[in-house]
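Participant: Okay, sequence plus prediction incoming.
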Number of protein chains: 2
Amino acid sequence: MMNNEQPLTCSHTHSASPVLPVVDPESLERAARLFRALGDGPRLRILHLLLRGETCVSEIVTATADKFSTISQRLRILRSEGLVRRRRDGSHVYYALADDHVKDLLRNALAHARELDSPTISQLPSEDD
Amino acid sequence: MMNNEQPLTCSHTHSASPVLPVVDPESLERAARLFRALGDGPRLRILHLLLRGETCVSEIVTATADKFSTISQRLRILRSEGLVRRRRDGSHVYYALADDHVKDLLRNALAHARELDSPTISQLPSEDD
DNA sequence: TCACCATTTCATCATTTCATAAAATAGCAA
DNA sequence: TTGCTATTTTATGAAATGATGAAATGGTGA
């Protein structure tokens, strides 16, 4: 058993910390929020659907077989991070990917996920690498 | 009050669904997990630290002033998604970004977050765009 | 105006995630 | 072996997130 945590006595030679490449915590948080919005299967599925082009909420609901309020919440989160934009036409509301950057981000991630056979947490790489 | 949910009677002309660009759910989930691992400020901070190069756990602990077990858990999650690799040298364990792709991903996201003033959920864009 | 359809918001519950203490494991040296 | 330092694992409580029913809002047309 170890006295546990903190009182850190690590005394090996660390390369004298050459000042962190400073990134204001704001940006870090913003980036994290963006990734978090993307980090959900169902939401990613919606974004993927939108790769086909502008789509109205009802279409998304029928395409995914989810509840209206469920889809609406997902869209709200995606919109709050600037991933999708919306446009109202009469009684319908249409959503679309916010810009080409989002499209690239999406396509890259999906391509990467398709090729890279990322291990599950229960199948961690044995030891170092 | 509305009978609410499902029984969807949306009858406007939808462009006849031309078969979704099929992406197996597996890939979607994998991509989502990757994004989720990135979608956390503290974890992103570690990755950012690692942009400076291979770093041992103790260094990360002192640099971030977090508990050892906390850092270890974060590293585990990052590793489980293949974002970092580790190498043992004697009694120390060194972590590094898994590959250049991760570096790019990171730099892009941070740059994007720095410029884009992504609104908080409480500051949603007024109406359509 | 009323009635109806499309969508969003609100409140709640279930699930997941996060940080952490405690205990376990691993390497090294006496 | 014992003892020490470095790191990981396990268990757990607290906080965040996700899905959803119910109610509210907004648009359209009679």
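Facilitator: In hand now; what should we look at? Please read all numbers here as calculations on a predicted model, not as lab measurements. Residues are numbered from 1 along each chain as shown, chains lettered A, B, ... in the order given.
Participant: Show me which helix runs longest in chain A.
Facilitator: If you go by DSSP state H, chain A has its longest helix at helix A:100-115.
Participant: Just want the angle from the lowest-mean-pLDDT helix or strand in chain A to helix B:100-115.
Facilitator: Ranked by mean pLDDT, DSSP states H and E, the weakest helix or strand in chain A is helix A:100-115, scoring a mean of 82. Helix A:100-115 and helix B:100-115 meet at an angle of 160 degrees, taking axes from the mean of the first three to the mean of the last three CA atoms, to 10 degrees as the criterion.
Participant: near chain B at all, helix A:100-115?
Facilitator: Yes. Shown here: helix A:100-115 in contact with chain B (CB under 8 Å from any CB of the partner chain) through A:101, A:109-110, A:112-114. Heads up, the C-betas are built off the backbone N, CA and C, glycines and all.
Participant: and A:Thr9, what pLDDT?
Facilitator: pLDDT recorded at A:Thr9 is 49.
Participant: brain fart, A:Ala65
Facilitator: With respect to pLDDT, A:Ala65 has a value of 94.
Participant: what helices or strands is the least confident helix or strand of chain A leaning on?
Facilitator: If you count contacts as 3 or more CB pairs under 8 Å, 6 or more residues apart in numbering or on different chains; DSSP states H and E, helix A:100-115 packs onto helix A:41-50, helix B:25-38.
Participant: which residues touch the longest one?
Facilitator: This means helix B:25-38. A:31-32, A:35-36, A:38-41, A:43-45, A:48, A:109-110, A:112-114, A:116, A:118, B:43-44, B:47, B:77-78, B:80-83, B:105, B:109 (CB atoms under 8 Å, 6 or more residues apart in numbering or on different chains).
Participant: Out of the residues you listed, which are close to DNA strand D?
Facilitator: A:36, A:39-40, A:43 (CB under 7 Å from any atom of the strand).
Participant: Just the buried ones from those?
Facilitator: The neighbour-count test (16 or more other CB atoms under 10 Å in any protein chain shown) marks A:36, A:39-40, A:43 as buried among these.
Participant: any idea which of those is the one closest to B:Ala63?
Facilitator: Each of these was checked against B:Ala63 using CB to CB; the closest is A:Arg36, at 23.3 Å.
Participant: the inter-axis angle of the longest helix of chain A versus helix B:25-38?
Facilitator: 110 degrees.
Participant: Mind listing what's buried along helix A:100-115?
Facilitator: Those buried within helix A:100-115 under the rule 16+ other CB under 10 Å are A:102, A:105-106, A:109-110, A:112-113.
Participant: Count the residues that sit near A:Arg85.
Facilitator: 18 (other CB atoms under 10 Å in any protein chain shown).
Participant: Quick check: it vs chain B, distance?
Facilitator: 5 Å (CB to the nearest CB, to the nearest Å).
Participant: what does A:Asp40 give?
Facilitator: 6 Å.
Participant: so what's that residue up against?
Facilitator: A:74, B:32, B:35-36.
Participant: Reformat the buried ones among the ones next to DNA strand D among the contacts of helix B:25-38 as TSV; add pLDDT.
Facilitator: Shown next, in TSV, are those (pLDDT from 0 to 100):
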residue	pLDDT
A:Arg36	97
A:Gly39	96
A:Asp40	97
A:Arg43	98
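Participant: which residue is nearest the centroid of chain A?
Facilitator: A:Leu38 (2.2 Å; CA atoms, centre = their mean).
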